[in-house]
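[1] Coordinates only, no sequence provided:
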Ligand SMILES: CC(=O)SCCNC(=O)CCNC(=O)[C@H](O)C(C)(C)COP(=O)(O)OP(=O)(O)OC[C@H]1O[C@@H](n2cnc3c(N)ncnc32)[C@H](O)[C@@H]1OP(=O)(O)O
Ligand SMILES: O=CC(=O)O
Ligand SMILES: [Mg+2]
């Protein structure tokens, strides 16, 4: 089917029946307008990331910025939180897939972050059908018949929050003036165009989660896009509210500044722990003194993760902003009550720690975790919707604490094999169209898989990449393990026959053994879908 597109905008993908309701000339005109106004700045900021990374590779260490001290020392707060976002004790997250959207909205969580990012494989159909699902969800008409079951919304549903793609990702199927548009702008603009007014009419508003930013200047770009979009759609300034994921080590040094840039549009910060760990590995991958232990040993109680979590909490509450905790990757384990109880205990401990520290809520990966997480937050909050008034003057976090990357041991063969196995399994699923999968009873998405593949890269190169039995991790060792782990991943995956797993193994080998470190695994992968 063909559609009319605005001048200069070209779509290089199939327009399936139903897509025309999303890809309207007016909605695409907003994409084109935002692209023309803001794409040069996105490109400048991406170039600035590369330049900063080059300086860090050469030994520079990040610190709090001297030029923005006045913001950190200043007495200011973000705009008052809208009522629909006051209570966020439990936020469920998940890919923007139709059944999961319905299940998540019905899950009993306070809010639901629907995900065009970490848990989504951004193929064309997922992006456009995701937008269709959003239109139906916002209007409460979303329904589905599947496997003899009917899905529709309950009377009371979670508040919807949308996570568009990060600044690094393009939408390659849409070109403006001959160049690919930003994936984030594409996701955001289409959602805003179709839903913002409807959401306002229904008592909430257009709420977003903003991923993977590395600086307050990147937040300023989003803020300027918000202002431009509100003007274009005739919405009052401050209508859009966005929670920023602090999930890069560099953003951890600019939390105040990020809140300040977005202060009219901010809905707080979230501790995106998985990408945060990945970012630490990525940024300091060439530092001979830095090498983290097996992925399973790098937890929220590691000193550098504790410093980050507490600084985020303190910063948010000082600015009247919600502090939302991240995701325990544990999910319910079917058919093994003992293992399940251990997993649930892990989630309970995680949520209890966040709630006791002072967080206002936290993420869960699965509807089966909502009640448990709610119990832990309610134990601390009681009837209160949040605990933003809990200030933490006792918390002092230094740059050195944020950069105190430990534990360094153990690195084990099991940990190495685990990383290879998860990397191949996840990449294979992603190439086949699924961006979030249970592997070895854990939720795996783009962020967790990034940790796995970057650890393998670093262990090969770091002098500290030595197994606990004394063997140095080498490219040859990894190459020898890849076919074995591919076979296991194929046996474990429900669609293990899909050729995407063999392709995933080849990509994993290339990424972990090549000299060049790929900035994001999703960048080369995206060219394959
Ligand atoms: C690092 C980060 O960015 S974290 C944020 C990104 N990650 C996420 O959002 C995680 C999302 N979670 C998921 O995708 C899934 O829970 C998985 C892949 C981890 C596990 O999936 P499954 O093994 O299929 O779960 P399971 O079989 O137990 O599902 C049971 C039911 O719950 C539903 N369900 C599971 N997770 C979710 C979810 N997050 N949202 C909505 N529904 C869900 C399933 O659709 C299924 O529904 P049905 O009974 O009606 O068929
Ligand atoms: O997006 C969340 C994360 O942990 O990464
Ligand atoms: Mg993330």
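    Perfect, thanks for sending it. Remember, it's a predicted structure, so these values are computed and weren't measured experimentally. Ligands and ions are numbered 1, 2, ... in the order given.
[2] For this structure, list the residue farthest from the centre, please.
    In the chain, the residue that sits farthest from the middle, by C-alpha atoms, centre = their mean, is residue 470; the gap is 35.8 Å.
[3] looking at this, that one is in a helix?
    No - secondary structure of residue 470 (DSSP: H, G, I helix; E, B strand; the rest coil): coil, not part of a helix.
[4] Which per-residue confidence value corresponds to residue 211?
    pLDDT recorded at residue 211 is 98.
[5] Over to residue 195?
    The score at residue 195 is 98. That number is its pLDDT.
[6] quick one on the thing from earlier: quick check: the residue farthest from the centre of the chain vs ligand 1, distance?
    34 Å (C-beta to the nearest ligand atom, to the nearest Å). Where C-beta positions appear, they are placed from N, C-alpha and C, glycine not excepted.
[7] Likewise for residue 175?
    Residue 175 is 28 Å from ligand 1, where distance means C-beta to the nearest ligand atom.
[8] Verify the stated contact: that residue with residue 10.
    Yes - if you go by C-beta atoms under 8 Å, residue 175 and residue 10 touch, sitting 4.6 Å apart.
[9] Okay, buried residues for stretch 172-187 please.
    Buried residues in stretch 172-187, counting neighbours by 16 or more other C-beta atoms under 10 Å, are found at 172-176, 180-187.
[10] Enumerate the residues of the stretch 151-300 of the chain near ligand 2.
    Residues of the stretch 151-300 of the chain that fall close to ligand 2, judged by C-beta under 6 Å from any ligand atom: 245, 247, 272-275.
[11] go again using 5 Å as the cut-off
    Residues of the stretch 151-300 of the chain lying near ligand 2 by C-beta under 5 Å from any ligand atom: 247, 272-275.
[12] Which of the residues you listed fall in helices?
    Of those, the ones assigned to helices by DSSP state H are 273-275.
[13] which of these has the most neighbours?
    In terms of neighbours by other C-beta atoms under 10 Å, these top out with residue 275 at 28 neighbours.
[14] give the contact list for it.
    When contacts are counted by C-beta atoms under 8 Å, 6 or more residues apart in numbering, residue 275 touches 118, 211-212, 245, 247-248, 447, 450.
[15] does residue 526 really touch residue 122, like I thought?
    Yes - with contacts counted by C-beta under 8 Å, residue 526 reaches residue 122, the gap being 6.7 Å.
[16] list residues touching both of these two?
    Residues touching both residue 526 and residue 122 (C-beta under 8 Å, 6+ apart) are residue 169.
[17] Find the closest residue to ligand 3 in the protein.
    Nearest to ligand 3 in the chain, going by C-beta to the ion, is residue 275, at a distance of 3.5 Å.
[18] Which one's more surrounded, residue 526 and residue 122?
    Neighbours per residue (other C-beta under 10 Å) separate residue 526 from residue 122, with residue 122 holding more: 25 against 18.
[19] quick one: pLDDT of the more buried one?
    Listed pLDDT for residue 122 reads 98.
[20] could you measure it against residue 165, distance?
    Applying C-beta to C-beta, to the nearest Å, the value for residue 122 to residue 165 is 6 Å.
[21] Now do the shared contacts for those two.
    Joint contacts of residue 122 and residue 165 (C-beta under 8 Å, 6+ apart) are 116, 171, 183.
[22] Would you format these as CSV with secondary structure included?
    Formatted as CSV, those follow (three-state DSSP):
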residue, secondary structure
116, coil
171, strand
183, helix
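[23] Out of those residues, the closest to ligand 2 would be?
    Taking C-beta to the nearest ligand atom as the measure, ligand 2 lies nearest residue 116 of the shared contacts of residue 122 and residue 165, at 12.1 Å.
[24] Residue 438 reaches residue 444, doesn't it?
    Yes - here residue 438 reaches residue 444: they are 7.3 Å apart, a contact under C-beta under 8 Å.
[25] Of those two, give the one with the bigger neighbour count.
    residue 444 (25 against 18).
[26] For beta bridges, what are the partners of that one?
    Counting by DSSP bridges, residue 444 forms beta bridges with residue 437.
[27] Tell me the residues on this protein that lie near ligand 3, please.
    By C-beta under 5 Å from the ion, the residues of the chain that approach ligand 3 are 118, 247, 272, 275, 447.
[28] Output those residues in JSON lines, with distance to residue 85 appended to each entry.
    Below are the residues of the chain next to ligand 3 laid out as JSON lines (distance: C-beta to C-beta, whole Å):
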{"residue": "118", "distance to residue 85": "21"}
{"residue": "247", "distance to residue 85": "20"}
{"residue": "272", "distance to residue 85": "18"}
{"residue": "275", "distance to residue 85": "22"}
{"residue": "447", "distance to residue 85": "23"}
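[29] Generate a PyMOL selection restricted to the buried entries among those.
    Buried residues within the residues of the chain next to ligand 3, by 16+ other C-beta under 10 Å, are selected in PyMOL with:
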select buried, resi 118+247+272+275+447
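[30] follow-up on the earlier one: of all the ones in helices among the residues of the stretch 151-300 of the chain next to ligand 2, which comes closest to residue 283?
    The nearest member of these to residue 283, counting by C-beta to C-beta, is residue 275 at 11.8 Å.
[31] how far away is that closest one from residue 240?
    Counting by C-beta to C-beta, the gap from residue 275 to residue 240 is 23 Å.
[32] repeat for residue 282
    Per C-beta to C-beta, residue 282 is found 30 Å from residue 240.
[33] now swap in residue 292 and tell me
    For residue 292, the distance to residue 240 (C-beta to C-beta) stands at 37 Å.
[34] ok, now residue 21?
    Distance, residue 21 to residue 240, by C-beta to C-beta: 23 Å.
[35] same thing with residue 315?
    Using C-beta to C-beta, residue 315 is found at 21 Å from residue 240.
[36] Looking at these two, which one has more neighbours?
    The neighbour count for residue 315 versus residue 240, taken as other C-beta under 10 Å, is higher for residue 240 (27 against 24).
[37] Report the contact partners of the nearest residue to that one once chain neighbours are set aside.
    Excluding its sequence neighbours, the residue lying closest to residue 240 (C-beta to C-beta, 6 or more residues apart in numbering) is residue 226, at 4.6 Å. With contacts defined as C-beta under 8 Å, 6+ apart, residue 226 is in contact with 240, 242, 265.
[38] Out of these, which is nearest to residue 80?
    Comparing these against residue 80 with C-beta to C-beta places residue 265 closest, at 12.3 Å.
[39] ok, the closest one touching residue 241?
    Yes - here residue 265 reaches residue 241: they are 5.8 Å apart, a contact under C-beta under 8 Å.
[40] In contact with residue 311, which residues?
    Neighbour list for residue 311: 252, 255, 395, 397, 402 [criterion: C-beta under 8 Å, 6+ apart].
[41] swap in residue 320?
    Shown in contact with residue 320 (C-beta under 8 Å, 6+ apart): 77-78, 80-81, 388.
[42] Rebuild the contacts of residue 275 as a markdown table, extending it with secondary structure and distance to ligand 1.
    Output for the contacts of residue 275, formatted as a markdown table (DSSP: H, G, I helix; E, B strand; the rest coil; distance: C-beta to the nearest ligand atom, whole Å):
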| residue | secondary structure | distance to ligand 1 |
| --- | --- | --- |
| 118 | coil | 3 |
| 211 | coil | 8 |
| 212 | coil | 10 |
| 245 | strand | 8 |
| 247 | coil | 8 |
| 248 | coil | 13 |
| 447 | helix | 4 |
| 450 | helix | 9 |
